[in-house]
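> Sequence and predicted structure are below.
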Amino acid sequence: MSDLLSNLNPEQQAAVTLPDQPALILAGAGSGKTRVLTTRIAWLISTGRASPGGILAVTFTNKAAKEMLTRLTAMLPINTKGMWVGTFHGLNNRLLRAHHRDAGLPQLFQILDTADQLSAIKRLLKALNVDDEKYPPKQLQYFINAAKESGLRAPRVDCPNDYERRLAELYAAYDEQCNREGVVDFAELLLRSYELLTRNELLREHYRARFRHILVDEFQDTNRLQYLWLKLLSGSENVIFAVGDDDQSIYAFRGANVGNMRDFERDFNIHTVIKLEQNYRSHGNILDAANALIGNNRARLGKNLWTSEGHGEPVRVFESMTDLEEAQWIVDEVRALVNDGLRRSEIAILYRSNAQSRVIEHALFNAGIPYRVYGGLRFFERQEVKNALAYLRLMANGDDDTAFLRVVNFPTRGIGARSLEQLQDAARARGEPLMRAAGSLPGKAGASIGAFIRMIEGLRQAVAGLTLAETIEQVIHHSGLIPHYQAEREGGDRVENLGELVNAAAGFVAEEDDASLAAFLAHAALESGEHQAGEGTDALQLMTVHSAKGLEFHSVFLSGLEEGLFPHEQSMTERDGLEEERRLMYVAITRARRRLYLSFAQTRMLHGQTRYNIRSRFFGELPAGLLKWLTPRFVAKPTRAPQIYAQPPYRKSEIRVNSESPKDSGFRVGQNVVHPKFGAGVIVNAEGGGTDARVQVNFAGAGVKWLALHIAKLSPA
DNA sequence: AATCCGTCTATTTTT
DNA sequence: TAGACGGATT
């Protein structure tokens, strides 16, 4: 099958045709990682080294899994049915469904998403009379998930103090509650399966024998539990093929552990790591900038991107007075690009945090430029959709208290807090889920809740024999959801979304083999509904740097490159926080194919207050020769000490927060200054005059300080 | 049961 | 600044 390999470079070929042994592929940004992964699978199968059923390929996102399957089917004339290609969660869901009995789960166990999990935790705390001031639900949620993702059940969690001991107790109680209700959170999908395979040798051997070839995408993003799971599944006969890039590890905050790459080398005795360093995406200057920047990180496996293409254009840098001005400049520049024939969807505006999108959106809106913002609520997370799903969940599994409480009185049917309190007490006393305990409730509460349960029961019977789409159609009308939203003033969109849910179900049935209600519910939980509508129009792409990972654009604007924002100030308190910010910056830079803009503003409105910022330290890590300053400035002096930059001559207006700015001191608020000890900074405040004149300076390295002007050796930058 | 109002908070996010 | 949330009011 040499035609499979003919378009690959030598390293890619080596990776694809690697003999049966554990392998680590260090795949740089834009180096053809997905291509190698899929070609490897195609090669294994077409050369008879593996059968489709012997392949297990794990990704992080549904999108990546889908992409892999699409490319595979294009390459191989085989059906991909027997192949297990999916996300960690999707595959483990599949495994647990197949062995639910062994795993101690009901056949129709439901999956809690993050919001469901939180409400389950709140409910638990209330039931146990725990002070949620002292034990904030969010914090407990974090604790539980962190423990599970380390592979630890409550008794094994290390508790250095009473507080943590209590958290561990609550973790145990939470697990009990989930078991009682037959629900499973995201982390549980993996932990359950890990425990099942640990405990059950027969099953473990079965899957080890079956999945001779295990391929892992984005290996740098795996958490501890995922690593343990992979290790467990890899016996001595298995061939594990891990592809990743330590320089693109940007998810430590949610448990990703880059250390897994080093551990993998050690645990699996990897001798040669294949590096894919040829980049097929960007021009040389962009890659040089990325390489130089990431070179400042200490803990790296080491890798340098190169291209056979030319240097291309310089990296453009723009400094503005305010965030508004920055946004306006972006608008102007985008207009020019579009005028030159570039499609809007080939242009991305990236930022570190979501709040930054507002000014830019505002400017784009006023300019009438179509744009699309990524992130935010996804389809299956919408209130009305979750409500509809809750009815469906109850029909599949009446023990699901989260679903029960969500809709027992929605739309309102006269079941108040008192009745529910009674019901919850009764259920607790009997150790039963709410729906089962309801029969024993006397009086008015019993009657109204009884009616609700009969309605669910009635729905269950009414939809017998109907298709999934028809089922949902029935449910959203019969439950009263549609009438309720129709009556609501602003309910039009919600009604529309419920209709969209019916369509989604029809689409699901058309695509999937298992079109059961349970399968659809799992789909809804595991695939939050990638993107929303609006894919038709050619629109500018706005997103955080995190969401841009894996994407590429002709032109990229990276905005808000200011100390405190990028690198984010909160990252400075985290271990290795700055290195992660730098990797984030690296990811951002490597999104651009041809043109890269970096911008920052001296003044930015944040949390309703004007903040004075200085340019990001990352500018100092980019070779000056690669940069083209659009704002005239940048006179680097040949000194060792902090670099000194010239004032932009075009400065339009002074910024003043304090009218008492010392007039004749020669300094003013907003001005860039240099201090012999603290380095470069910006004056953010001033008071007094004459010999009493004091200024407050935000230093890049030393933070915010008040300085007396007649003492401090402050000079204009 | 719906609405109003004050308080609080504020990276990054997939499953 | 703006959104989310919880408690109090209507």
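In hand now; what should we look at?
> burial of the closest residue to A:Y251 other than its chain neighbours, as a residue count?
Leaving aside its sequence neighbours, A:Y251 sits nearest to A:D221 (C-beta to C-beta, 6 or more residues apart in numbering; 5.3 Å). Any C-beta I mention is one placed from the backbone N, CA and C, and that applies to glycine too. Applying other C-beta atoms under 10 Å, we find 26 residues neighbouring A:D221.
> close to DNA strand B, is stretch A:394-413?
Yes: residues of stretch A:394-413 contacting DNA strand B under C-beta under 7 Å from any atom of the strand: A:N409, A:T412.
> tell me the mean pLDDT over that stretch?
Mean pLDDT, stretch A:394-413: 91.
> Alpha carbons of it, as CSV, please.
Provided in CSV are the C-alpha atoms of stretch A:394-413 (Å, rounded to 0.1, in the frame of the first residue of the first chain):
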residue,chain,number,x,y,z
LEU,A,394,-37.5,10.0,33.7
MET,A,395,-39.2,7.8,31.2
ALA,A,396,-36.1,5.7,30.8
ASN,A,397,-35.1,5.6,34.4
GLY,A,398,-37.6,6.7,37.1
ASP,A,399,-34.9,6.6,39.7
ASP,A,400,-33.1,9.7,38.3
ASP,A,401,-33.9,12.2,41.0
THR,A,402,-32.1,15.0,39.3
ALA,A,403,-34.4,14.7,36.3
PHE,A,404,-37.4,14.3,38.6
LEU,A,405,-36.8,17.4,40.6
ARG,A,406,-36.0,19.4,37.4
VAL,A,407,-39.4,18.9,35.9
VAL,A,408,-41.8,17.7,38.6
ASN,A,409,-43.1,21.2,38.8
PHE,A,410,-42.1,22.5,35.5
PRO,A,411,-44.3,23.7,33.9
THR,A,412,-45.8,24.5,37.2
ARG,A,413,-48.5,22.2,38.3
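> Give the buried residues for that stretch.
For stretch A:394-413, the neighbour count (16 or more other C-beta atoms under 10 Å) marks A:394-410 as buried.
> what residues are up against the spatially closest residue to A:H568 that is not a sequence neighbour?
With C-beta to C-beta, 6+ apart as the criterion, A:H568 has its nearest non-adjacent residue at 6.0 Å, and that residue is A:R352. With contacts defined as C-beta atoms under 8 Å, 6 or more residues apart in numbering, A:R352 is in contact with A:T544, A:V545, A:G560, A:L565, A:F566, A:H568, A:L584.
> With A:A103 instead?
A:L96, A:R192, A:S193, A:E195, A:L196.
> Which secondary structure state does it sit in?
Secondary structure state of A:A103, per DSSP: H, G, I helix; E, B strand; the rest coil, is coil.
> rewinding a little: arrange the contacts of A:R352 in TSV, one row each, with neighbour count and distance to DNA strand C as further columns.
Putting the contacts of A:R352 into TSV (neighbours: other C-beta atoms under 10 Å; distance: C-beta to the nearest atom of the strand, whole Å) gives the following:
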residue	neighbour count	distance to DNA strand C
A:T544	19	16
A:V545	23	21
A:G560	26	16
A:L565	22	15
A:F566	26	19
A:H568	17	17
A:L584	25	24
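> Now, the contacts of A:A103 that are in strands?
Nothing among the contacts of A:A103 maps onto strands, per DSSP state E.
> for those, which one is nearest DNA strand C?
Using C-beta to the nearest atom of the strand, A:R192 comes nearest to DNA strand C of the contacts of A:A103, at 28.2 Å.
> how close does the closest one sit to A:N397?
Distance, A:R192 to A:N397, using C-beta to C-beta, to the nearest Å: 16 Å.
> picking up where we left off before, ok, the residue nearest to A:Y251 touching A:F253?
No: with contact defined as C-beta atoms under 8 Å, A:D221 does not count as touching A:F253 (11.7 Å).
> shared neighbours of the two, which are they?
Common neighbours of A:D221 and A:F253, counting by C-beta under 8 Å, 6+ apart, are absent.
> A:G499 is in what secondary structure piece?
Element membership of A:G499, judged by DSSP states H and E, is helix A:492-511.
> Mind listing what's buried along that helix?
By neighbour count on 16+ other C-beta under 10 Å, the buried set for helix A:492-511 is A:R494, A:V495, A:N497, A:L498, A:E500, A:L501, A:V502, A:A504, A:A505, A:A506, A:F508, A:V509.
> Give me the distance between the fourth one and DNA strand B.
Spatial separation of A:L498 from DNA strand B under the definition C-beta to the nearest atom of the strand, to the nearest Å is 18 Å.
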